[in-house]
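**Q** Sequence first, then the predicted structure:
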Amino acid sequence: MKLLNKFSEISKIDINIIYMLIFTIITTIIIHLLSTITCKLISKIGKNNRRDFIIIKRVKIAFNIILLIIVLNIWQTYISDFITFISFFSAGVAIALRDYIFNFFCGIYIKANHPFKLEDRIEIGGNLGDVIDIRTLSFSLLEIDNTIPNGQSTGVIIHCPNSLVFTNPVRNLTQGFKYIWNEISLNIPLDSDVRKTKSILYRILKQNEILKRIPHKMENAIEQASTEYRIYFNNLEPIIYTKINNDHITLEARYLVHPKKARNVEDMIYNAIIEANKKGELKLFIND
């Protein structure tokens, strides 16, 4: 106590302000420790990584709100004077921190309107990736290689300012309706039995374990999506289109698949086509 009074006399700082500073520091340390311990307990006890991640984020926000309420209560006698000071200072701060302020309000927009959420696959500002974190000022993507169709993760994390959602269109591959139409092409000779080849290709598509489960989920997916978006499809089954080129026939198979599984499914289909070709069930066109 005497030491604090002495410090107050030397520094010319009101003793009450010194007490409030000490209480604020102690409170901040305690709240931070409680938040850290709680988050570690959730990580150890929890079994669902996605759910635990969301819970931990909410716990941190809750502790920050508690800290803010306590600090405001500690400094309540000085808040009115502080607000008066802020009113003069805010114009300069707003100019200096306009990007931060813009990102902050864009963050509110993201949380309120949900143009994307955690684990959505989006493309924005030329970047394609899976959303792995959404913060007050920024969001993070796990980059997807967009130089090839149905690319996969590169392992690179992209940190984007929230303001991108106002300056760039957001292409969300998984929002609302979680499936996309994917297409593969198969070239066969002009003298091929197109009807037979199509039936074999239909069989390959319908026997695929991943595609086989999709129609059962489709009605609920469309029903949920239609409550928010005008989404409808006349046909949900795979369909094969025929196109005649100069020296061969191209069969284009179109089917619904989850974007994160598209490349694996495509690989499985092509492997099945190669096996069918080896067995002589169909004949592939080889351009010499």
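**A** Looks like it came in fine.
**Q** any idea how far stretch 27-38 is from the chain center?
**A** 29 Å (C-alpha atoms, centre = their mean, to the nearest Å).
**Q** Need the contact partners of that stretch.
**A** With C-beta atoms under 8 Å, 6 or more residues apart in numbering as the test, stretch 27-38 has contacts from 59, 60, 63, 64, 66, 67, 70, 71, 74. Heads up, the C-betas are built off the backbone N, CA and C, glycines and all.
**Q** phi, psi of the second one?
**A** Dihedral angles phi and psi of residue 60 (degrees, to the nearest 10) take the values phi -60, psi -40.
**Q** any idea how far residue 284 is from the nearest residue to it once chain neighbours are set aside?
**A** Leaving aside its chain neighbours, residue 60 sits nearest to residue 35 (5.8 Å; criterion: C-beta to C-beta, 6 or more residues apart in numbering). Residue 35 sits 61 Å away from residue 284, going by C-beta to C-beta, to the nearest Å.
**Q** neighbour count winner among these two?
**A** residue 35 (19 against 15; other C-beta atoms under 10 Å).
**Q** Which helix or strand contains the more buried one?
**A** Take DSSP states H and E as the rule and residue 35 turns out to sit in helix 15-45.
**Q** what's the spacing between residue 120 and residue 110?
**A** Going from residue 120 to residue 110 by C-beta to C-beta gives 11 Å.
**Q** before we move on, back to that, make JSON lines out of the contacts of stretch 27-38 and add neighbour count and secondary structure.
**A** Listed next are these as JSON lines, based on neighbours: other C-beta atoms under 10 Å; DSSP: H, G, I helix; E, B strand; the rest coil:
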{"residue": "59", "neighbour count": "16", "secondary structure": "helix"}
{"residue": "60", "neighbour count": "14", "secondary structure": "helix"}
{"residue": "63", "neighbour count": "17", "secondary structure": "helix"}
{"residue": "64", "neighbour count": "13", "secondary structure": "helix"}
{"residue": "66", "neighbour count": "14", "secondary structure": "helix"}
{"residue": "67", "neighbour count": "18", "secondary structure": "helix"}
{"residue": "70", "neighbour count": "16", "secondary structure": "helix"}
{"residue": "71", "neighbour count": "16", "secondary structure": "helix"}
{"residue": "74", "neighbour count": "16", "secondary structure": "helix"}
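**Q** how many other residues sit next to residue 107?
**A** A total of 20 residues lie near residue 107 under the criterion other C-beta under 10 Å.
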